[in-house]
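A.B. asks: pasting the sequence and the predicted coordinates here, then a few questions.
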There are 2 protein chains.
Amino acid sequence: MHDLLFDFISKYISLTDEEKDAIVSLDIFHSVKKGTILLKEGQKSQESYFVLKGCIRVYYVKSGEEKTTAFYTEMDAFTPHCVINKTPSDYFISCVEDSILLISNSDMEAEINSKFPKFEIMCRMLSEELLAKQQTDFDEFKTSSPEQRYLNLLQNRPDLVQRVPQHQLASYLGIKPQSLSRVRARILEKNKG
Amino acid sequence: MHDLLFDFISKYISLTDEEKDAIVSLDIFHSVKKGTILLKEGQKSQESYFVLKGCIRVYYVKSGEEKTTAFYTEMDAFTPHCVINKTPSDYFISCVEDSILLISNSDMEAEINSKFPKFEIMCRMLSEELLAKQQTDFDEFKTSSPEQRYLNLLQNRPDLVQRVPQHQLASYLGIKPQSLSRVRARILEKNKG
DNA sequence: GTCATTTCTTAACTTAGGTGAACGTTTTTG
DNA sequence: CAAAAACGTTCACCTAAGTTAAGAAATGAC
């Protein structure tokens, strides 16, 4: 389980055994059951997440309806913006599947960063990467129709389409579950005829 | 003109006169005419922008059509992701109005950052702020209808609606110019009846 | 100032997504 | 294991956005 994490980190920086031990000793590995709510609207939180295995989901509740805006899966890192802004969260985070997460709080990060400055370098690289990805995702969403978005998703994250409930996927694509059914039917029809 | 910049910076860090002189001597202030294209699709670039006065616009050309994804106005900073990724740009940047911009390249930033470490701190604050804003903007876009997006824009950036051509605004809202006309007419109708 | 271009609006028609409801299937839960 | 809840699909009907086209208004070029 730890190897998954260290393989990921090695893409950015190299770690000594001592450094690896320091991370493991923080005791930040957590098994989380499907359906667990990690963060609720209105809560303040200091926690950042890193998905080793499984899938977590970000959603708003707007006029009684869930609006899913993100899925994080294996090797995705995520810091809720309530942590950055130190404000109450305006969304929920829940577990789509039984998952193994790395959950860190600001104190732990400060500790590790001060002990091993190269961690801060990695964090900056991660956040730059994330910002660029966020930008292209947003642009792609804006410039596509729902059907095109679904086709893009099939291309870029085919696993999501399999492992996530359709109504959450629909919401993520900005449409209703009935419409997603229709989109899927339409695509099948096109590929047949 | 310089004061606009220093007022902005003072929100994050405080500068000595020496530091201010160092910035001014970089000669990064530029007057840019309306319609000027600052960056083209396919170009590589090292330039970051900061808008002192005026408005610049980011747009893709997808199957012959312009798709506007962002407007940056007074006191907005913007680093194209082709600069971060060191890849050719996949979008254009052009000037919506005659503008005064601060245009810096990676070398200048490196120079200033090494001379005055507190600059790097400011950059990190700016990029965190930007990431959080980007996230909420994306979420808001995803969870709203075009009409709602237009109303939000009227609330949050009323100036944009005035100063930007309607067809660019429509594209920014993810709809066609004709639909934006209709949305506006519909809203007027509601407020009357 | 005039002509050409671009921009904005309106209209009629088409199309895709929203809505409400029904129904079969799967998953939960006691 | 059985009842209940949640989920996915289909349908008929409604609504809002896309499309095509035309014309008015504003802007820019000479």
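C.D. replies: Perfect, thanks for sending it.
A.B. asks: pretty sure residue A:59 belongs to a strand, no?
C.D. replies: Yes: assessed by DSSP: H, G, I helix; E, B strand; the rest coil, residue A:59 belongs to a strand.
A.B. asks: name the single longest helix found in chain A.
C.D. replies: Secondary structure of chain A read by DSSP state H shows that its longest helix is helix A:118-142.
A.B. asks: okay, angle between that one and helix B:118-142 too, please.
C.D. replies: For the pair helix A:118-142 and helix B:118-142, the angle between their directions (axes from the mean of the first three to the mean of the last three Cα atoms, to 10 degrees) equals 30 degrees.
A.B. asks: which strands and helices sit next to helix A:118-142?
C.D. replies: helix A:106-115, helix A:146-156, strand B:65-73, helix B:81-85, helix B:118-142 (3 or more Cβ pairs under 8 Å, 6 or more residues apart in numbering or on different chains; DSSP states H and E). Using the backbone N, CA and C atoms, a C-beta is placed for each residue, glycine as well.
A.B. asks: what sits against residue A:51?
C.D. replies: With contacts defined as Cβ atoms under 8 Å, 6 or more residues apart in numbering or on different chains, residue A:51 is in contact with A:72-78, A:99-102.
A.B. asks: hang on, the earlier thing: list the contacts of the longest helix of chain A.
C.D. replies: Contacts of helix A:118-142 (Cβ under 8 Å, 6+ apart): A:9, A:12-13, A:77, A:109, A:112-113, A:149, A:152, A:174, B:60, B:67, B:69, B:81, B:84-85, B:91, B:124, B:127-128, B:130-131, B:134-135, B:137-138, B:141-142, B:172, B:174.
A.B. asks: check the gap between the residue nearest the centre of chain A and residue A:160 for me.
C.D. replies: The residue lying closest to the centre of chain A (Cα atoms, centre = their mean) is residue A:72, at 2.2 Å. Computed as Cβ to Cβ, to the nearest Å, the residue A:72 to residue A:160 distance reads 11 Å.
A.B. asks: now swap in residue A:119 and tell me
C.D. replies: Between residue A:119 and residue A:160 the distance, using Cβ to Cβ, works out to 30 Å.
A.B. asks: do the same with residue A:146
C.D. replies: Residue A:146 is 16 Å from residue A:160, where distance means Cβ to Cβ.
A.B. asks: list the buried residues in stretch A:57-70.
C.D. replies: Of all the residues in stretch A:57-70, those buried under the rule 16 or more other Cβ atoms under 10 Å in any protein chain shown are A:57-60, A:67-70.
A.B. asks: closest one of the residues you listed to residue B:183?
C.D. replies: Within the buried residues of stretch A:57-70, proximity to residue B:183 (Cβ to Cβ) peaks at residue A:67, which comes in at 21.0 Å.
A.B. asks: give me the pLDDT for the closest one.
C.D. replies: What the model reports as pLDDT for residue A:67 is 95.
A.B. asks: which residues touch it?
C.D. replies: By Cβ under 8 Å, 6+ apart, the contact list for residue A:67 reads A:59-61, A:171, B:139, B:142-143.
A.B. asks: that one pairs with what?
C.D. replies: For residue A:67, the beta-bridge partners are residue A:60 (DSSP bridges).
A.B. asks: list the residues that contact residue A:151.
C.D. replies: Residues touching residue A:151, when contacts are defined by Cβ under 8 Å, 6+ apart, comprise residue A:187.
A.B. asks: measure it to DNA strand C for me?
C.D. replies: Remark: distance between residue A:151 and DNA strand C (Cβ to the nearest atom of the strand, to the nearest Å) = 11 Å.
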